[in-house]
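Q: Turn this into a structure:
(chains A and B)
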Amino acid sequence: MLKRRLETVIALCLVSSTILLSACGTGKEASDGSSAEGGEADLSGKEIEIATYLTGDTLEAYKGVIADFEDSTGVKVTLDEYGDDYESTMKTRMASNDLPDIFETHGWSLIRYKEYLTDLSGEEWAQDLNDAALGVIRDTDGKIYTLMTTGSCLGTAVNMDVCEAAGVDPWQIETWEDFNAACDKIKEAGYTPIANYFTSAGALANAVGSWLNYEGETYDLSKAMLDGSWDWKEYEVVLDYLQTWFDNGYLYEDCGTISQTDAIERCAQNDCAFVVGIGTSYQAAVTAQNPDVTMAMIPICASEEGGARFCGIGEGASFGIWKDTEEMDVCKAFLNYVAENADPINAAAGEISTLPSETTKSYGMQMMEEMEEHFPDVFYDNLWDRKYMPNGMWSVFEVAAGMFCEDQSDENKQKVIDYLKENYSDLYETEHVE
Amino acid sequence: MSKRKKIALLSLSIPAFLLIFIFMIVPLGNAVRVSFFKWNGYSQHMSFVGGENYLSLFTDDVFWRSTINTFVYGFGSTILQNIFGLSAALFVNRKFKGRNFLRAVLYMPIMISGVIMGAIMYYIFNYENGVLNNLLNLFGISNIYWMGDGVRAVIIITLINSWQTMGFCMLIYLAGLQNIPKVYKEAALLDGASKIQAFFKVDLPLLMPAVTTAVITNLIGGLKLYDIIVTLTNGGPNRKSLSLSYYISLLYFNDEKAGYSSAVGVALFVIIFLVAVPINQFLRHREVEY
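A: Numbers count the residues shown, from 1 in each chain, chains lettered A, B, ... in the order given. The predicted structure is shown next:
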C-alpha cells in the first residue's frame, strides 16, 4: 500500500516538474514546416512574434496594420508590448539568443542589434526610403537591417505663445549667443526659458555636435571620435556653455529630477519656451494635452556665426527581422505590408515619414517644412551619440548629466569629463576587440 | 519513522526543492560565474577579468552610497514599521466601534503596489504643482525641492515605505496578540502590575515569535527595496537615492556592465545573509514558550 502511495507521489512530482520545465520554455509554437516556399496562400496558418517599444496612439495604429495583415494573409501575429521594459527584455533575449521574429530597433539597428538582424537592402521598399532614413540605417557596406517607417527629427522645440508674449522671434535665433539673448528676454517676462531635464542624456549628447563636429575646419574632430583617439578635453566647451543655463537661471529648479512627462505638462501650461535636442513627438504630445498651444521647431543652434545649424535624425517606428527566424518569408511579407500601409503609423507618431506617403502629411513633416521655410540650410545628421560614440555611451551620458546638474564647478566638470573619457575608452575597446 | 515513510515525506518536498534550485540556486551560481567576466549583458562574447569586478567595488562611490542607503531603507523601515505596526495592533486590538473599518484602513496601503505608490508620491512631493508644495503655498511658504537633496530623498522614501508596509506589521502583531492567553495578563494585573509593566513583562515576551517574523520580513523587504525608488526618484538626484537592488538593475540593463552588476549582486546577497542570520538567531533566543 505504502509502495503504491510512494509511486503515486513520485509520479505526481515528475508530472509537476515536467509542467514546470515546459512552462519555462518558449511559448512559441514550432513551425509545422509543411508549407511550400513562396506564394501568398502559403502564409495562412503560420505564426510570428513581434516585439515592440511603441505605446499610445502609435501602438494602436500599428495594431491596426497588424490586424489588417492577419485578415488578408491568415497569419497569426503575437504582439509583445514591452513598453518601458523593452530594452531590458531585449537584452535578456539577446543574451539567450532567443529573439522575436520581428522586433523594434528604436535607434540601435546598427550599433546594438546588427549581429542579430537580417540584411533587408534587397527588399522592394528599401529602394523607396528617403535619404534621411538611409543616412541613419545604412551601414558602410550599404546594408540595411530595419524598416524605418518614421524617423524622429531632433531639434529645438519652441513654445511660440511664450516666445510671442516675451517678444522673442525664434526664427531669428541662429547661434547659442542668440539663444541665450532670447532666454534672457523670456526670463524677464516671467517664464522659464528652458525645460531640459537632466535625468536624460539629451542635453549632454544630442546637441553637442554643434561645437564638436559641424563647424568645418575649426572643430573637425569626427574622425578622432570614430577611431578612439579623441581628446575629451575638447568636450569642456559643451559643459562651459551648458553652465550658462544654470548660472543665468534658465532652467527649472528641479531639472535634475523631472522627466519628459513633466516638461510636456509645463509646456502645455505655457510655462516654458524651449527644449533643446528633442524630437517632434514632444511637440505632438504638448499639443495633444493643450490644443491651444502653438508649437514649432527650430534647428539646434550653431556654435558661432556661419556655423551649421543642425537637426539630428534617428530611427522612429523601425522594425527588423531576426536573422535566425524560422518564418523568414512571413516576416518579409509583413514588413512589405507595413511599408505599403505606413500612413496611419506615421500620422499617429507625429514624426517624419521616410517612405513616400500620398495621403498623409505627418505632424513631424509639417514641423520640418515650417522650419525649412525659415532655415533652408539646415544640416541633417544621424543622432550624435549613435554616429560618433560606441554602443553603451547613452547611459554614460545620462549619469554624466546627473553629475553635472548637481554641481557645475570646474572640479566637478573635470570629474564629468574623466567619467565620460573612462567609459568611452572602455566601451570603444570592448566594441573593437569583439 | 520507517525508512519508506521518510522517503515518502522527502519526496513531497521535491517540487519545492526543484523550484528553489531552478529559480534561486542556478541564478545565484550563474551570477557568481558572470561576476568574474566583463560582459555587456547580451553579447555572445565575454572576457574573463578575474576578481577585477570585486576590486572595483572598493573604489565605486555609488556602490558605497547605495549600500548606506540600503541599510537606511532596511533598518530605518524595520524600526518604524515595527514601532508603528505594534502601536496600531495594540490600539485596534481593543474593542471599540469602527474597529474593523480602522483595521482595513490601516492595512490598505500595503495593497497598493510599490510602483503605484511611488507614482502617487511623486505627484505629492513634486516641486512644481506638487500637492505638498501647493498646501504650503496656502500658508505663504514657498516651494520646497523635496527631492533635490539625496539625503532628504532617502528619508522620504524610508518614511513612505514604512507607512505603506506598516499594515502588514500590524497584522502580524494583531495575530500574535490574539494568540496570547488573557489569563497571564490578568494574573499580572491582579498581582499589582501596571498596564505598562504588564505589556513589557507579559505581552512583549510572548509576542517574540511575531517580532521575529515581522523584523526579519521587514528587514529583508527594506534591504531589497526597489519599486518605490524607481517611480518616485528614479534613483536621483544624481543616483543618490539608489538602493543596491536598483543599482544592480541599472548596472545590468542600463549601463551594460553585467559582470560588475553581478559582483554587486553577490555583495548584496552576502550583506543580507550576514545581517539577517544573526538577527534571526538573536530574536529566536528570546522567544518564550507557553
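Q: hmm, who's touching stretch B:74-90?
A: The contact list for stretch B:74-90 (CB atoms under 8 Å, 6 or more residues apart in numbering or on different chains) reads B:106, B:158-159, B:161-163, B:165-174, B:176-177, B:199, B:211, B:214-215, B:218-223, B:225, B:275. Backbone N, C-alpha and C define where each C-beta goes, glycine included.
Q: show me the contacts for whatever residue of the stretch 51-200 of chain B ends up closest to chain A.
A: Scanning the stretch 51-200 of chain B for proximity to chain A using CB to the nearest CB identifies residue B:127 as nearest, at 3.8 Å. The contact partners of residue B:127, by CB under 8 Å, 6+ apart, come to A:252-254, A:257-258, B:133, B:143-148.
Q: switch to 10 Å and redo it
A: A:252-255, A:257-258, A:262, B:133, B:143-148 (CB atoms under 10 Å, 6 or more residues apart in numbering or on different chains).
Q: Cross-check the contact I'm expecting between residue A:130 and residue A:149.
A: No. With contacts counted by CB atoms under 10 Å, residue A:130 stays clear of residue A:149, the gap being 11.5 Å.
Q: More neighbours: which of those two?
A: Ranked by neighbour count (other CB atoms under 10 Å in any protein chain shown), residue A:130 and residue A:149 place residue A:149 first, with 30 against 14.
Q: From residue A:235, how far out is the nearest residue to that one once chain neighbours are set aside?
A: Nearest residue to residue A:149 in three dimensions, chain neighbours excluded: residue A:342, at 4.1 Å (CB to CB, 6 or more residues apart in numbering or on different chains). As judged by CB to CB, to the nearest Å, residue A:342 and residue A:235 stand 38 Å apart.
Q: Could you do residue B:119 as well?
A: 35 Å.
Q: Next: residue B:231.
A: Applying CB to CB to residue B:231 and residue A:235 gives a distance of 32 Å.
Q: Which one of the two is surrounded by more residues?
A: residue A:235 (22 against 17).
Q: And the pLDDT at that one?
A: Per-residue pLDDT puts residue A:235 at 90.
Q: That one against residue A:404, yeah?
A: No. Using CB under 10 Å, residue A:235 makes no contact with residue A:404, being 11.0 Å away.
Q: What parts of the stretch 151-290 of chain B come near chain A?
A: Within reach of chain A by CB under 10 Å from any CB of the partner chain, the stretch 151-290 of chain B has these residues: B:153, B:230, B:232-241, B:249-258.
Q: circling back: might you report the residue contacts of the residue nearest to residue A:149?
A: Counted by CB under 10 Å, 6+ apart, residue A:342 has contacts A:61-62, A:65, A:125, A:147-150, A:317, A:349, A:353-357, A:360, A:362.
Q: Please repeat the previous calculation with a cut-off of 8 Å.
A: Here residue A:342 is in contact with A:65, A:149-150, A:353, A:355, A:357 (criterion: CB under 8 Å, 6+ apart).
Q: Which among these count as buried?
A: A:65, A:149-150, A:353, A:355 (16 or more other CB atoms under 10 Å in any protein chain shown).
Q: immediately after the helix or strand of chain A with the lowest mean pLDDT, which helix or strand?
A: Ranking every helix and strand in chain A by mean pLDDT, DSSP states H and E puts helix A:2-24 at the bottom, with a mean of 43. Scanning forward in sequence from helix A:2-24 by DSSP states H and E, the next helix or strand is strand A:47-52.
Q: For that following strand, name the packing helices and strands.
A: Counting contacts by 3 or more CB pairs under 8 Å, 6 or more residues apart in numbering or on different chains; DSSP states H and E, strand A:47-52 packs against helix A:56-73, strand A:76-81, helix A:86-95, strand A:102-104, helix A:328-340.
Q: what does the shortest one contact?
A: Strand A:102-104 is contacted by residues A:48-54, A:86, A:90, A:113, A:317-322, A:325, A:331, A:334-335 when judged by CB under 8 Å, 6+ apart.
Q: ok, of these, which come out buried?
A: By neighbour count, with 16+ other CB under 10 Å, the contacts of strand A:102-104 hold A:48-54, A:86, A:90, A:113, A:317-322, A:325, A:331, A:334-335 as buried.
Q: Enumerate the residues of the stretch 1-150 of chain B near chain A.
A: Contacts of the stretch 1-150 of chain B with chain A, taken as CB under 8 Å from any CB of the partner chain, map to B:4-5, B:7-8, B:11-12, B:14-15, B:18-19, B:22, B:38, B:40-45, B:47, B:126-128, B:143, B:145, B:147-148.
Q: What about the residues you listed, which are in strands?
A: Here DSSP state E is the test, and those give B:38, B:47 as lying in strands.
Q: So residue A:203 sits against residue A:243, correct?
A: No. The criterion here is CB atoms under 8 Å, and residue A:203 misses it with residue A:243 at 11.6 Å.
Q: Who has more neighbours out of the two?
A: residue A:203 (25 against 15).
Q: Apart from its neighbours in sequence, what residue is nearest that one?
A: residue A:196 (4.8 Å).
Q: cool, residue B:9 as well?
A: That would be residue B:1: by CB to CB, 6+ apart, it lies 8.0 Å from residue B:9.
Q: need the contact list for residue A:267.
A: A:157, A:159, A:195, A:275, A:282, A:286, A:293, A:295.
Q: Turn those residues into a markdown table, including secondary structure and distance to residue B:206.
A: A markdown table is the format used below for the contacts of residue A:267 (DSSP: H, G, I helix; E, B strand; the rest coil; distance: CB to CB, whole Å):
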| residue | secondary structure | distance to residue B:206 |
| --- | --- | --- |
| A:157 | strand | 65 |
| A:159 | strand | 66 |
| A:195 | coil | 59 |
| A:275 | strand | 62 |
| A:282 | helix | 61 |
| A:286 | helix | 62 |
| A:293 | coil | 65 |
| A:295 | strand | 67 |
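Q: Closest to residue A:422 out of the residues you listed?
A: Closest approach to residue A:422 among the contacts of residue A:267 (CB to CB): residue A:275, at 29.2 Å.
Q: doesn't residue A:193 make contact with the closest one?
A: No. At 10.4 Å, residue A:275 does not count as touching residue A:193 under the criterion of CB under 8 Å.
Q: what residues are up against residue B:188?
A: The contact partners of residue B:188, taken as CB under 8 Å, 6+ apart, are B:197-198, B:201-202.
Q: Mind doing that once more with 10 Å?
A: Counting by CB under 10 Å, 6+ apart, residue B:188 makes contact with B:194-195, B:197-199, B:201-203.
Q: secondary structure class for it?
A: helix (DSSP: H, G, I helix; E, B strand; the rest coil).
Q: Any idea which of the helices and strands packed on strand A:47-52 gets closest to residue A:305?
A: Using CB to CB, the nearest of the helices and strands packed on strand A:47-52 to residue A:305 is helix A:56-73, at 39.2 Å.
Q: I'd like the distance from that closest one to the chain centre, please.
A: 21 Å (CA atoms, centre = their mean, to the nearest Å).
Q: One more: stretch B:190-197?
A: 35 Å.
Q: end-to-end on stretch B:68-80?
A: 17 Å (CA to CA, to the nearest Å).
Q: All the helices of the stretch 151-290 of chain B, in order from the start?
A: B:182-190, B:195-198, B:204-206, B:208-223, B:227-232, B:244-249, B:258-285 (DSSP state H, counting those that start in this stretch).
Q: what's the burial count for the residue in the stretch 51-200 of chain A positioned nearest to chain B?
A: Distances between the stretch 51-200 of chain A and chain B by CB to the nearest CB are smallest at residue A:94, namely 3.7 Å. Counted with other CB under 10 Å, residues neighbouring residue A:94 total 21.
Q: Now it: closest residue in space, sequence neighbours ignored.
A: Nearest to residue A:94 is residue B:42, by CB to CB, 6+ apart, at 3.7 Å.
Q: cool, and residue A:295?
A: residue A:283 is the one closest to residue A:295 (CB to CB, 6+ apart), at 3.9 Å.
Q: With residue B:199 instead?
A: Nearest one to residue B:199, counting by CB to CB, 6+ apart, is residue B:90 at 7.8 Å.
Q: ok now the one helix or strand residue B:69 maps to, how far from the chain's centre?
A: When elements are assigned from DSSP H and E, residue B:69 belongs to helix B:61-71. Between the centre of helix B:61-71 and the centre of its chain there are 15 Å (CA atoms, centre = their mean).
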